[in-house]
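In: from the sequence below, what's the structure:
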Amino acid sequence: MKDSPRKSSEQERAPGYGIQISYRTLSIRVEEKDLPSKAKQSADPADAIASIDVHLLATNEVYTRYSCHPTVGLEQAAVQRRSKDGRNVISPPPTQHWKKILNYIFGGFNFLMWIAFIVTILSYKPLGEPDPAAVNLGVAVLLQRSTAWVDWNASRIMKSIKSLIAHEAAVIRDGKQQLILATDIVVGDIVVLSTGDRVPADLRIVAASSDLRFDRSLLTGESDMIPGSLEATSDNALETRNLALTSTFVTQGTCNGIVFATGDRTVMGRLVKLSGETKFKLTTIQKEVWFFTKVISSIAFTMFGLSLLLYGVWLRTTYPGYDASISVAIMNSIGCLTAFVPQGLPVCVALSLTIIARRMSKRHVLVKNLATIETLGCMSVLCSDKTGTLTAGKMAVESLAFLDRHLLISEIDEKIGEAPDPRFFAGLSALHHTARLCNGAKFDSTTADKPIQERTVKGDPTDTALLRFSEALSIPALYIDTSALLSSWRKLFEIPFNSKNKWMLSVVQETRTTEGDVAERNSTAWMLVKGAPDMLVKSCTSVMKSDGTVVPFDEAARQHMGDLQSNWSSEGQRVLALCRKPLDALKPNLSPNDMEELMYSEICNLTLVGLVGIRDPPRPDVPASVAVIRRAGVRVFMVTGDFKLTAVAIARQVGIITQHIVDTIDDVKAAASEKHFADVPLRTIKPSEEDPIRALVLTGEDVSTLTPIDWNIIVGQYTEIAFARTTPDQKMKIVEEIKARGDNTVAVTGDGVNDAPALKAADIGVAMGSGSDVAKEAAALILLNNDFASIPVAIEMGRLVFDNLKKVSLYLMPVGSYTEFMAVVSNVVFGMQIPLSSYLQVCFSITNDVVMSISLMYEKAEADLMLRKPRNARTDRLTDWKLFFQIYLFLGLMSWPCAMSMWFVYMRQQGLGFHDVFLAYNNWAEGYHGYTLDQLNHFVYVGQCIYYVTMVFMQYGNLLAIRNRRVSLLQSNPLWGPRKNYAVPIGMVATALIAVINLYGPGLHKVFNTTPIPGMFWGPPFAFALGILCVDETRKLIVRTYPKSIVAKMAW
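Out: Purely as a prediction, here's the structure:
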């Protein structure tokens, strides 16, 4: 054979690899003769899915087809060859750009501008007036381009944030288990999956634990867990249970699988092609703006129609010659459309998302949906997991205990050295044996050369702590050596830890090595169990002393071990019980299901080897963050699977529980018997500000006994709660019961598989970047740096977005809408020449106002933003009666009379008094007060520009007034200090330049009849702005001084 020399050299270089080479040679023959032929590639994704047959093959045939070895996996050379087929990435569905373009052009308020444009064209032909619509079209297109740019920029930033997530996968290559990027997986790789992992590619399962379960909800839409198996259960690849498909999750158990498809060739990749573009869904804030759009658009259409109706049935007949033709009437009525359109609002909504995305990316926070940020601003309850969320998730074994002795890890060597005989601590050998062999964590082989504490570990934090402890423990005098232990024992069966059992079980048997062959020694198999003491101690009948002797586990011993557990838990340690039992009559060749059933029946008469105390310190940023969140009116609850005393201890350390007295289920039942909350509407159930702070601790067992009235007491009376020993179902129930009461917006933080149901049930799910893939998929927000301090920042940003958009609405409406509309009303109803031309109305709305309103989106949070109550998402709208009062009866009522007065002052200077201009109707014609029509028209053009300039500079006062809701400008000016915002003076300069260009631009004079104005009219608008600012400062002073006055109650 030509490849014999090559095989020989490879065998010398890596013993054992020759098996794979021989396997590969055989695979060619088998594939050609015996295996089912592979279906031809089809262009139709549905046909490609239907042609999958790998699930119908026997396990050994799967290894053959994909030329990989059960223990060696793929060689590096094979990986390099197969990587040429492309990266393991699913292409996103194609974007339908034409729909986006139409939305940019006609979405929101823009359709009103297009109606105005079309109507203006009609007024030109066939109705015979000059066509000013070209500028309307130009500025409309300019506006759409700016909106499109802002939207594209937000999408670009979000994509860059999502790229920060590095999904990893454990694979077997060159005989070693390695962690690689999921995108680097190739066909034929053997992937190792454990609880909480996302399936990185389509796999054929070739090894699995008996309790293997998958979450296929992303693929099927069903939330039930699907068992995994080694054999095909259906001919349909989508229904069989021996395939693990991309983007599903391992919710329980462990398995190994061979990759048979990657990237776009996976089932999920093909389904994406079939489904096409994802459906567009309005965010919460977009719904608010759309509601506002409908209201304003309805008013605008009504006023436009009413204006034309007045012309048709009244002005045209009563005052013939006034608005000489229908085209002039249409042009003047168009002001009703443009006046009511706050064009800056849609731009500011899009811009706010961009600003938030940029700020969040700096904090390494992934926001899957930007609407989440606004929802965070409504958060009223935060339910947080403990391990890995409030705590660092860097567990380390701190204490060990036998029946007669307990010691710290740091003093083991010292105690053994002081003992007259090391065998006084022989129990350490049994404890080391159980901790190392009953362990679901594994070291990454690529970091084997590093110190033990720096090696990468794949596994949950508890197993990781025990793995590092047992690996580091070496006592030659007691024959404690990890490498020798691993080489002389093999694992026969395993039941991984799950949140229901709260224990892990392994069956191991000693082996002997003879001339390279591994065989079973005639020795007893051992069942090793580790888990929660309150779950395992009741199954123990004997207990081990530190010298390795075993004594009966009597009541005194139980009391002693129970007190020790309570003491350690009260210090914040997680306590595990390590147990074992010999299996004398273990039947060989049992099926996994039979073996599992047997093991459950054998969990009795255990020997308690010892207790292990594991320390998981709180994250350093958590106490301060919890304090900030609580000051913001958000209640913080702990929901954990840990022991009750451990939960309370950590809750005290991080500030979730501050009260000395902590109530229990008995206090809840006693309060429920008084039936205070029996007939109260659910939305009103919440603690009042006058109620004292009360703390409560409940266990999962307590939760299962609660009635609706009990829940009313818990949600309505308690500010500090710790839920302990909860299962995933109970965590979800807790979230749902809290959401159902008090109009609560509930956020949940977590990092484990057991947190996923609660993360999905919450209004906002927050996962840690170091957490399980299941948790990260269920969450709406991922803290990539595990930075709990990002949560109060996100809450602040959510409130800030809503606050700033409210300020934008308040800024745009008094002048940009109300004052413009009064100019139209004066023309249509009161017979004046229109004080503001249609061109200046449109120009002010889409240039001056937009430029100034954008500066508001860069405003920082006001000092009291995180001291306010959370916003009620159901009742607190973007626009309410307080806002409209501020617009139309406060700021607007000052603004439009100021602008109108400048119009009358100028007319007075030309010899035309108030009564000469007011109710003039068709008298405004050739010879009126001795003026020619050209002179009268010139007066109108100058007066319109004066009205426009007054609006422009009067907005300075409005802008500075609404930057703060209650604080004085003197404490928060835009030029320096904590609230500095250089976008404000830049916007002021920009809007002034736009005004100068409109008045002095040479080309604009002829087309739009703009003209320079007398110098004296440049000054008064600044005085008006100062007056508006001073009046509003007085209002704020009253609100601050008399917070219960009617002025304060009407404050926006």
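In: check contacts around the closest residue to G269 other than its chain neighbours.
Out: Using CB to CB, 6 or more residues apart in numbering and skipping residues adjacent in sequence, the residue nearest G269 is I90, 4.4 Å away. Yep, even glycine has a C-beta here, placed from its N, CA and C like the rest. Residues in contact with I90 (CB atoms under 8 Å, 6 or more residues apart in numbering) are T246, G263, D264, T266, M268, G269, V272.
In: any idea how far A201 is from I90?
Out: Distance, I90 to A201, using CB to CB, to the nearest Å: 10 Å.
In: overlap in contacts, the two.
Out: Joint contacts of I90 and A201 (CB under 8 Å, 6+ apart) are T246, G263, T266.
In: now, among those, which is nearest to L408?
Out: Set against L408, the nearest of the shared contacts of I90 and A201 by CB to CB is T246 (46.4 Å).
In: wait, the closest one touches M268, no?
Out: Yes. T246 is within contact range of M268, at 4.3 Å (criterion: CB atoms under 8 Å).
In: which of these two has more neighbours?
Out: The neighbour count for T246 versus M268, taken as other CB atoms under 10 Å, is higher for T246 (25 against 19).
In: next, that one: phi, psi?
Out: phi -50, psi 140 (degrees, to the nearest 10).
In: just list the residues touching it, thanks.
Out: By CB under 8 Å, 6+ apart, the residues touching T246 are I90, V199, P200, A201, D202, A261, T266, V267, M268, G269.
In: in helices, which of those fall?
Out: Of these, the ones assigned to helices by DSSP state H are V267, M268, G269.
In: name the SS class of V289, please.
Out: helix (DSSP: H, G, I helix; E, B strand; the rest coil).
In: and the gap between it and P346?
Out: To P346, V289 is 7 Å away according to CB to CB.
In: ok, now which ones touch F844?
Out: Counted by CB under 8 Å, 6+ apart, F844 has contacts G816, E820, L836, Y948, M951, V952.
In: now for the residue nearest to Y818 when sequence neighbours are not counted, how many residues are close by?
Out: Computed as CB to CB, 6+ apart, the closest residue to Y818 that is not its neighbour in sequence is G892, at 3.9 Å. G892 is flanked by 22 other residues according to other CB under 10 Å.
In: what kind of secondary structure is G892 in?
Out: G892 carries the three-state label helix when classified by three-state DSSP.
In: do I have it right that it meets M813?
Out: Yes. Here G892 reaches M813: they are 7.0 Å apart, a contact under CB under 8 Å.
In: now do the contacts for the most centrally placed residue in the chain.
Out: Centroid-nearest residue in the chain, with CA atoms, centre = their mean: L781, separated by 1.9 Å. Contact analysis of L781 by CB under 8 Å, 6+ apart lists V365, L366, V367, K368, T372, L376, I764, G765, V766, A767, A794.
In: before we move on, what about T646?
Out: Each residue near T646 by CB under 8 Å, 6+ apart is listed here: S569, S570, G572, Q573, R574, V575, A724.
In: do you know how far V508 is from V529?
Out: Counting by CB to CB, the gap from V508 to V529 is 12 Å.
In: next: F904.
Out: 92 Å.
In: then Q573?
Out: Distance from Q573 to V529, by CB to CB: 20 Å.
In: repeat for L645
Out: Counting by CB to CB, the gap from L645 to V529 is 22 Å.
In: which of the two has more neighbours?
Out: A count of neighbours by other CB under 10 Å puts V529 above the other of L645 and V529, at 27 against 20.
In: which non-adjacent residue is nearest L919?
Out: G831 (4.6 Å).
In: hang on, the one you found in a strand?
Out: No. Assigned with three-state DSSP, G831 falls outside any strand and is coil.
In: is it true that it touches D916?
Out: No. Using CB under 8 Å, G831 is not in contact with D916; the gap is 11.3 Å.
In: more neighbours: which of those two?
Out: G831 (19 against 16).
In: and the more buried one, what is it in contact with?
Out: Neighbouring residues of G831 by CB under 8 Å, 6+ apart: Y319, Y322, F918, L919, A920, Y921.
In: please repeat the previous calculation with a cut-off of 7 Å.
Out: For G831, the contacting residues are Y322, L919, A920, Y921, by CB atoms under 7 Å, 6 or more residues apart in numbering.
In: any of those residues buried? List them.
Out: Among those, those classed as buried by 16 or more other CB atoms under 10 Å are Y322, A920, Y921.
In: give me the phi and psi for F953.
Out: Per-residue torsions, F953: phi -80, psi -20 (degrees, to the nearest 10).
In: same deal with H660?
Out: The phi/psi pair for H660 (degrees, to the nearest 10) is phi -70, psi -40.
In: name the SS class of L836, please.
Out: coil.
In: separation between it and N369?
Out: According to CB to CB, L836 and N369 sit 41 Å apart.
In: so the two - more neighbours on which side?
Out: With neighbours defined as other CB under 10 Å, L836 and N369 compare such that L836 has more, 30 against 15.
In: where exactly do the helices run in the stretch 551-700 of the chain?
Out: With helices called from DSSP state H, counting those that start in this stretch, the stretch 551-700 of the chain shows them at 555-570, 592-602, 622-631, 644-654, 665-673, 700-703.
In: so of these, which one's packed in deepest?
Out: Highest mean neighbour count among the helices of the stretch 551-700 of the chain (mean count of other CB atoms under 10 Å): helix 644-654, with a mean of 23.
In: restrict that helix to CA atoms and write it as PDB.
Out: C-alpha atoms of helix 644-654 as PDB (Å, rounded to 0.1, in the frame of the first residue of the first chain):
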ATOM      1  CA  LYS A 644     -32.000  29.300  53.100                       C
ATOM      2  CA  LEU A 645     -29.300  30.500  55.500                       C
ATOM      3  CA  THR A 646     -26.800  30.900  52.700                       C
ATOM      4  CA  ALA A 647     -29.300  33.000  50.700                       C
ATOM      5  CA  VAL A 648     -30.000  35.300  53.700                       C
ATOM      6  CA  ALA A 649     -26.300  35.700  54.500                       C
ATOM      7  CA  ILE A 650     -25.400  36.800  50.900                       C
ATOM      8  CA  ALA A 651     -28.600  38.900  50.700                       C
ATOM      9  CA  ARG A 652     -27.400  40.800  53.800                       C
ATOM     10  CA  GLN A 653     -23.900  41.200  52.400                       C
ATOM     11  CA  VAL A 654     -25.100  42.800  49.200                       C
END
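In: off-centre distance for it?
Out: Remark: helix 644-654 is offset 27 Å from the chain centroid, using CA atoms, centre = their mean, to the nearest Å.
In: report the mean confidence score over it.
Out: For helix 644-654, the mean per-residue pLDDT is 93.
In: which secondary structure elements does the one helix or strand F292 maps to contact?
Out: Taking DSSP states H and E as the definition, F292 sits inside helix 284-310. Packing partners of helix 284-310 (3 or more CB pairs under 7 Å, 6 or more residues apart in numbering; DSSP states H and E): helix 326-339, helix 344-362, helix 371-376, helix 820-828.
In: what's in contact with the shortest one?
Out: Helix 371-376 is touched from outside by 283-285, 356, 367, 745, 747, 763-764, 780-781, 794-795, 797-798, 801-802, with contacts defined as CB under 7 Å, 6+ apart.
In: state the distance from the closest residue to R455 other than its chain neighbours to V457.
Out: Closest residue to R455 apart from its sequence neighbours, by CB to CB, 6+ apart: T447 at 4.4 Å. According to CB to CB, T447 and V457 sit 9 Å apart.
In: neighbour count: the two, which is higher?
Out: It is V457, of T447 and V457, that has more neighbours when counted by other CB under 10 Å, with 19 against 15.
In: alpha carbons of stretch 394-410, as CSV, please.
Out: C-alpha atoms of stretch 394-410 as CSV (Å, rounded to 0.1, in the frame of the first residue of the first chain):
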residue,chain,number,x,y,z
LYS,A,394,-15.5,32.1,41.2
MET,A,395,-16.1,29.4,43.8
ALA,A,396,-13.3,28.0,45.9
VAL,A,397,-13.4,25.2,48.5
GLU,A,398,-12.7,26.8,51.9
SER,A,399,-13.6,24.3,54.5
LEU,A,400,-13.8,20.5,55.0
ALA,A,401,-15.6,18.6,57.8
PHE,A,402,-15.8,15.0,59.0
LEU,A,403,-17.9,14.0,61.9
ASP,A,404,-15.1,14.6,64.5
ARG,A,405,-13.1,17.3,62.8
HIS,A,406,-13.3,20.3,60.5
LEU,A,407,-10.5,22.2,58.9
LEU,A,408,-9.7,25.0,56.5
ILE,A,409,-8.1,24.1,53.1
SER,A,410,-5.2,26.4,53.9
